[in-house]
Each structure stands twice: as C-alpha cells, then as structure tokens.
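**Q** sequence unknown, structure follows:
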Ligand code: HEC
C-alpha cells in the first residue's frame, strides 16, 4: 500500500472515531433536544415531559408518538388540513413535518418555518420519542 492511501485511511478512521465520540454522548444529545424544544417549540407547545395536557397556541404533544395527526381532543383549532391528514406520528413523519411543515401537511396552521438543520431535527425528534409517549 502506498503512503498516501495509508494516510487517507488513518484520517477516515479519525473522523469515524470522532463521530462516535459525539453520537455516543447520549445525555448531551438529549439535552440539546430538550433545549431546542424549549427555544423553538416552547412558545406554542407545552413541553410534553412536563405536566399540562392543556393546549397552548398549539396542541399538547403528550402521547404524540403513535397518535393520529389532528386528533388531540383538547385542541379545538386544528386546521382542516391536519384533521384530514390521516397519518400516525412516527419519527419519520415528525422529521418531515419539522423540516417543512407545509410540505408534509399543505395548509397546516402551524406557523413555523422549520428546523432546517438535520442534526437539530434529529435531536428534537429523539427528544419527543422519549418525552411524548
Ligand atoms: C407559532 C406557534 C408554533 C410553533 C413555534 C410550533 N408549533 Fe407545532 N403546532 C402549532 C399549531 C397551531 C399546530 C396545529 C397545526 C394544524 O392544525 O395544522 C401545531 C401542530 C403540531 C403538531 C401536530 C400535533 C398533532 O396532534 O397532530 C406537532 C407534532 C407539532 N406541532 C410539533 C412542533 C414542534 C416539535 C415544534 C418545534 C420544532 C413546533 N411544533 C413549533 C403551533 C406551533
């Protein structure tokens, strides 16, 4: 093997190890998700990890995972679009909705531009997978 290839392989290994170091730190990622939820969603949604099933500007996200979109009973202002969306909230659906809400649910009344950074979306989705059961 020539020197250059060996060098590249070593560098690739360093990158992989570094990525594991970041992804492996579970609590830090979870903390980010909670923090992002607070700052980006918290003006309209109660934190599902805390008490309060009552809606705010947006519906309660308690027990969101596995629930059919637009069916949270104490929220009376769902858009017609969300009411007839018909899908069940999963990690994939959340990821798509949080990327561009109007793309997944055209006509949604959630006035939110979207979380454009995939790692931020992932952190929030992972947070909800735990907190919104
Ligand atoms: C400006 C207020 C606002 C912000 C900010 C906001 N939401 Fe919403 N959210 C709403 C409203 C209003 C609805 C109802 C949408 C509809 O009926 O079309 C909604 C609906 C939802 C739903 C569907 C709930 C269900 O029961 O079907 C999810 C999931 C959701 N929001 C998650 C989030 C997350 C996560 C964030 C932060 C990244 C966020 N929202 C930020 C107002 C907001």
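**A** Alright, I've got the coordinates. Here the structure is a predicted model, which is why all the values come from computation and not from measurement.

**Q** list the contacts of stretch 67-75.
**A** Identification of contacts with stretch 67-75 by CB atoms under 8 Å, 6 or more residues apart in numbering yields 53-55, 58-60, 78-79, 82-89, 93, 105. (C-beta placed from N, C-alpha, C; glycine too.)

**Q** mind running it again at 7 Å?
**A** Stretch 67-75 is contacted from outside by 53-55, 59-60, 78, 82-83, 85-89, using CB atoms under 7 Å, 6 or more residues apart in numbering.

**Q** distance from the chain centre to it, please.
**A** 18 Å (CA atoms, centre = their mean, to the nearest Å).

**Q** does residue 127 count as helix, strand or coil?
**A** helix (DSSP: H, G, I helix; E, B strand; the rest coil).

**Q** secondary structure class for the residue nearest to it when sequence neighbours are not counted?
**A** Nearest non-adjacent residue to residue 127, counting by CB to CB, 6 or more residues apart in numbering: residue 33, 2.8 Å away. Recorded secondary structure, residue 33: helix (three-state DSSP).
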